[in-house]
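> What would the 3D arrangement of this be:
(2 chains)
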Amino acid sequence: NAGVTQTPKFRILKIGQSMTLQCTQDMNHNYMYWYRQDPGMGLKLIYYSVGAGITDKGEVPNGYNVSRSTTEDFPLRLELAAPSQTSVYFCASSNSGGTLGELFFGEGSRLTVL
Amino acid sequence: DAKTTQPNSMESNEEEPVHLPCNHSTISGTDYIHWYRQLPSQGPEYVIHGLTSNVNNRMASLAIAEDRKSSTLILHRATLRDAAVYYCISNFGNEKLTFGTGTRLTIIP
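Sure, this is the predicted structure:
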């Protein structure tokens, strides 16, 4: 049972570099989310998608971009990485927008920007 | 401000029941109340959710106040594996679940 798969699990970036965090789910869920979690803090929503071709901003979208070309994939792009983007990133999916159903989370991607 | 309020931390003895409180005074009539927990170095995992009635599943029970302004997550018999951060959250009328800082539950052997 794969569920939600995130890659890479760990990454170190230099300031100004760019990268993409990959997220794939095999549950045919329409809703997908990207959260970030800073040390000792709760999760903050970056972007979310309610279906292929549809994305919307969350609480902290600045410095990130997303796309949703397929139901399965929801990559998160970091442009011009900054130390403030050092965090653990979690991808999640749901079959009903999280308001009625369960969010399934990936194991997280730990990003350090130096 | 639409948010939930939880104590920062709680302690409980192993094998005893745990009651985790949450206030959500601005919740609307159609907003569900969700509970998730996050074990150390893991992603959050679903615990339970409900709308008006009390809910039970294999992990926990959720008691929702009649006015829906507060709820309590009940772990009937805490084990060391239940040590985690517990998040009480709601969507507050939109498509997204907003997490707060949660309650860090410590289980004392």
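
> make it CA atoms for all contacts and neighbour counts henceforth
Fine.

> quick one: residue A:84 is in a helix?
Yes: under DSSP: H, G, I helix; E, B strand; the rest coil, residue A:84 sits within a helix.

> Give me the spatial nearest neighbour of it, chain neighbours excluded.
Residue nearest to residue A:84 in three dimensions, not counting chain neighbours: residue A:113, with 7.8 Å by C-alpha to C-alpha, 6 or more residues apart in numbering or on different chains.

> now residue B:68
Spatial nearest neighbour of residue B:68, excluding adjacent residues (C-alpha to C-alpha, 6+ apart): residue B:52 at 7.0 Å.

> Tell me how far that neighbour lies from residue B:28.
From residue B:52 across to residue B:28, the span is 11 Å (C-alpha to C-alpha, to the nearest Å).

> what's near enough to touch the closest residue to residue A:7 other than its chain neighbours?
The shortest distance from residue A:7 to any non-neighbouring residue, by C-alpha to C-alpha, 6+ apart, is to residue A:22 (5.2 Å). Shown in contact with residue A:22 (C-alpha atoms under 8 Å, 6 or more residues apart in numbering or on different chains): A:6, A:7, A:8, A:73, A:74, A:75, A:76.

> so where does residue A:22 fall, helix or strand?
Taking DSSP states H and E as the definition, residue A:22 sits inside strand A:19-25.

> now what about the very next helix or strand once past that strand, what contacts it?
Using DSSP H and E, the helix or strand that follows strand A:19-25 in sequence is strand A:31-37. For strand A:31-37, contacts defined as C-alpha under 8 Å, 6+ apart pick out A:43-51, A:74, A:76, A:87-98.

> Can you pull out the low-pLDDT segments for the chain?
I'll assume chain A. A:1, A:97-100 (pLDDT under 70).

> that's the wrong chain, I meant chain B
Within chain B, the segments meeting pLDDT under 70 span B:1-2, B:92-93, B:95.

> Relative to chain A, which residue of it is the closest?
Closest approach between chain B and chain A, counting by C-alpha to the nearest C-alpha: residue B:101, at 4.2 Å.

> That residue against residue A:43, yeah?
Yes: if you go by C-alpha atoms under 8 Å, residue B:101 and residue A:43 touch, sitting 7.5 Å apart.

> Please enumerate the strands of chain A.
In chain A, the strands defined using DSSP state E lie at A:4-7, A:10-13, A:19-25, A:31-37, A:43-51, A:54-57, A:64-66, A:76-78, A:87-94, A:104-105, A:109-113.

> With chain B instead?
Per DSSP E, chain B carries strands over the ranges B:9-13, B:18-23, B:33-38, B:45-50, B:55-56, B:61-64, B:70-75, B:84-90, B:103-108.

> The strands of chain A: which one's closest to residue B:80?
Among these, the nearest to residue B:80 by C-alpha to C-alpha is strand A:104-105 (22.4 Å).

> got a list of contacts for that closest one?
The contact list for strand A:104-105, computed with C-alpha under 8 Å, 6+ apart, reads A:3, A:4, A:90, A:91, A:92, A:93, A:94, B:43, B:44, B:45, B:46.

> rewinding a little: for the strand holding residue A:22, what is the distance to the chain centroid?
Between the centre of strand A:19-25 and the centre of its chain there are 7 Å (C-alpha atoms, centre = their mean, to the nearest Å).

> the inter-axis angle of that strand versus strand A:87-94?
On the basis of axes from the mean of the first three to the mean of the last three C-alpha atoms, to 10 degrees, strand A:19-25 is oriented at 30 degrees to strand A:87-94.
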